[in-house]
Structures are given as structure tokens and as C-alpha cells.
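> this is a predicted model, with the sequence first.
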Amino acid sequence: MIDQATRIGSEWLASAGLRPTRQRVALASLLVGDGNDRHVTAESLFDSVRESGDSVSLATVYNTLRAFCDVGLMQEITVDGSKSYFDTNTHDHPHFFWEDDRKLTDAPAEQLQIARLPDVPEGAEIAKVDVVIRLRRT
């Protein structure tokens, strides 16, 4: 019998036309199986999948997260130019980055106002604007 998290994960993969391999289903179930959005790093997802009892390599986690991004199931947010976080909420929205514990959370999109963006160079267009607001606890 298939549990609800596995069913939801499998449906999520199917919605993007991805083949439901054992590893993809295991990762998808952890990411969306409870219906909540997640911000994960490859390492944190790798730890979670190991804790769940599934056997998936870290390389497979990285490759799977990239595949999920490529088909629009997730978006990648880079912090500090080197650390990537992966978000299951693919709608445009800003993020808070909590420097003290290195966590990424959603910021209220309805409160963000970008009044003006700079002119782009000739022959270019803006593909996306990422807003990451760095926070430190006081």
C-alpha cells in the first residue's frame, strides 16, 4: 500500500512529466509529501532521506534537485555566491536568509515594493529578480 506522502510525491513528479524512479519518489515525498513548501540544501535533503531509511547518494540528490529545477518543480536560490538552496515554492517571492543559523525562509511578497530597476544593457532582458534579505538576530 502506498502512503499519502509517496502518492503526493509521485503526482508532483507526474505533473512535470518526470519518470517516477525510486530515488525521485523518495526525494519528492520528503519535499512535498505533507503539502508544505520547503527550502532545502542538497546536504539537508540527503540527511533527511538517510533518516527516512532510503538509500540515495549525495550525487543523486544534487542531480535530482537540478532535474526538479529544470522542469520547474523547484527554484534555486544562491546565497553568498556559493551556497544553493532549493525552494518548492516556484512563484516569485522574496526570501529572508537567517545568517545565524544559515536558514532560508519566505518573506511576505505583498510587502515588497520594487519601484524601479536599472536599465539593462542593449541586447539583454531581465530574466528574473531574486530578493534575499539577510537577517541577524539581535
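Okay, I see it.
> could you look up the SS state of the residue in the chain sticking out farthest from the centre?
Distance to the chain centre peaks in the chain at Glu122, reaching 31.7 Å (criterion: Cα atoms, centre = their mean). Here Glu122 is coil, with the state taken from DSSP: H, G, I helix; E, B strand; the rest coil.
> ok, now how distant is it from Val129?
Distance of Glu122 to Val129, given as Cβ to Cβ, to the nearest Å: 19 Å. Placement of C-beta: from N, CA and C, glycine included.
> likewise Asp37?
From Asp37 across to Val129, the span is 20 Å (Cβ to Cβ).
> more neighbours: these two, which one.
Per other Cβ atoms under 10 Å, whichever of Asp37 and Val129 has more neighbours is Asp37, with 15 against 9.
> what helix or strand does that one sit in?
Under DSSP states H and E, no helix or strand contains Asp37.
> what of the one 10 residues further on?
Assigned by DSSP H and E, Asp47 belongs to helix 42-51.
> any idea how far that helix is from the middle of the chain?
Helix 42-51 sits 14 Å away from the centroid of its parent chain (Cα atoms, centre = their mean, to the nearest Å).
> state the mean pLDDT of that helix.
In this model, helix 42-51 has an average pLDDT of 96.
> other SSEs contacting it?
Contacts defined by 3 or more Cβ pairs under 8 Å, 6 or more residues apart in numbering; DSSP states H and E place helix 42-51 against helix 22-32, helix 58-70, strand 83-87.
> tell me what the longest one is packed against?
The elements that helix 58-70 packs onto, with contact taken as 3+ Cβ pairs under 8 Å, 6+ apart, are helix 22-32, helix 42-51, strand 75-79, strand 83-87.
> make sure Glu125 is indeed in a strand.
No: using three-state DSSP, the secondary structure at Glu125 is coil, not a strand.
> tell me if I'm right that Thr78 and Ser84 touch.
Yes: judged on Cβ atoms under 8 Å, Thr78 makes contact with Ser84 at a distance of 5.3 Å.
> which residues touch stretch 60-67?
Identification of contacts with stretch 60-67 by Cβ atoms under 8 Å, 6 or more residues apart in numbering yields 18, 23-24, 27, 40, 42, 45-46, 49, 56, 74, 76, 86.
> many thanks, I have nothing further to ask.
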